[in-house]
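[1] predicted model and sequence below, questions to follow.
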2 protein chains.
Amino acid sequence: MGLTKTEIFTEEQNHLATMLKALAHPARIAILQQIMSANACICGDLSIELGLAQATISQHLKELKTAGLIQGTIEGVSVCYCINPAVWNQLKNQLGIFLNSTSLSNNCC
Amino acid sequence: MGLTKTEIFTEEQNHLATMLKALAHPARIAILQQIMSANACICGDLSIELGLAQATISQHLKELKTAGLIQGTIEGVSVCYCINPAVWNQLKNQLGIFLNSTSLSNNCC
DNA sequence: TAATTACATTGCAATATTACGATGAATGGG
DNA sequence: CCCATTCATCGTAATATTGCAATGTAATTA
């Protein structure tokens, strides 16, 4: 099938999964790290820096943008990308709750 | 191609991506939430609770186990799954560093 | 206006994921 | 030993992802 049964799960579960999926690729992690380390927009040299074709980088950027994690503004000929703070913080919170919802002291298995 | 160029990225980036990929499905999030809310091992009733076929749940559990996020021990006829605290904490740390490596005060885009 | 630069989009090919029925393997009860 | 229970694995179908060359689009420059 290859089709996730989203209707079975809660809005929250689906949303978190979507965000994590956007992060779950080394290229996208590298892109985000670049953007964050520049603390401002890194424009189009990501292709050279990461060693992936321009079309590939553009596609990854689109996925991150669709997830809402980054935003891009046109700056002359090039485009400037940076983190979307609202979505980023929201993810941080939701993920924090999820990852901390266990007391890691279970002597079960 | 459909084949990630892992050789281009750092060990850390690949590892984080692998962990996030394991989490990036609503069913696996739901499974982990169940396991955590029980604070101990939930065995095989996940299939009924989540409304997915037994084979599907088993496959998701395998992915979580392969990622190291959970561990399972045989308990008679059934199998008991619970969080692997070491890997879980390691992920929490690595993810925390990643998500906090930006000062969200950029007035860029 | 023509050429250049910077991205986006399209169209592929290769591979991965998701879901499930059917079947296999191991354990426990009778 | 036989059978039910529990879980894993296999096979398969539908769909998604990854990567890139080629091409399209919009703005800047000459």
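    Done, it's in.
[2] get me the contact residues on chain A for DNA strand C.
    Within chain A, the positions lying close to DNA strand C (Cβ under 7 Å from any atom of the strand) are A:1-5, A:43-45, A:54-55, A:58-59, A:61-62, A:72, A:77-79. All C-beta atoms are positioned from the backbone trio N, CA, C, and that covers glycine.
[3] give the PyMOL command for selecting the buried subset of those residues.
    The following PyMOL line selects those of the residues of chain A next to DNA strand C that are buried, judged by 16 or more other Cβ atoms under 10 Å in any protein chain shown:
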select buried, chain A and resi 61+72
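[4] just the residues of chain A next to DNA strand C: which are in helices?
    Cross-referencing the residues of chain A next to DNA strand C against helices under DSSP state H gives A:54, A:55, A:58, A:59, A:61, A:62.
[5] identify the farthest-apart pair in the residues you listed.
    Spanning the widest gap among those are A:54 and A:62, at 12.5 Å by Cβ to Cβ.
[6] okay, residue A:108: pLDDT?
    Per-residue confidence at residue A:108 stands at 68 (pLDDT).
[7] on that earlier part again, which of the residues of chain A next to DNA strand C come close to chain B?
    Contacts with chain B within the residues of chain A next to DNA strand C, as defined by Cβ under 8 Å from any Cβ of the partner chain: A:4, A:5, A:72.
[8] which of those lies closest to DNA strand D?
    Within the set of these, residue A:4 lies nearest DNA strand D; the separation is 7.5 Å, counting by Cβ to the nearest atom of the strand.
[9] residues touching that closest one, list them.
    Contacts here follow Cβ atoms under 8 Å, 6 or more residues apart in numbering or on different chains; on that basis residue A:4 touches B:25, B:26, B:27.
[10] distance of residue A:76 relative to chain B?
    When Cβ to the nearest Cβ, to the nearest Å is applied, the distance between residue A:76 and chain B equals 13 Å.
[11] what's around that residue, how many residues?
    When neighbours are counted by other Cβ atoms under 10 Å in any protein chain shown, residue A:76 registers 7.
[12] quick one: the strands in chain A, in order.
    In chain A, the strands defined using DSSP state E lie at A:70-75, A:78-83.
[13] okay, the ones you listed in TSV with mean pLDDT and distance to residue B:99 next?
    What follows is the strands of chain A, written out as TSV (pLDDT from 0 to 100; distance: least, Cβ to Cβ, whole Å):
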stretch	mean pLDDT	distance to residue B:99
strand A:70-75	93	14
strand A:78-83	94	10
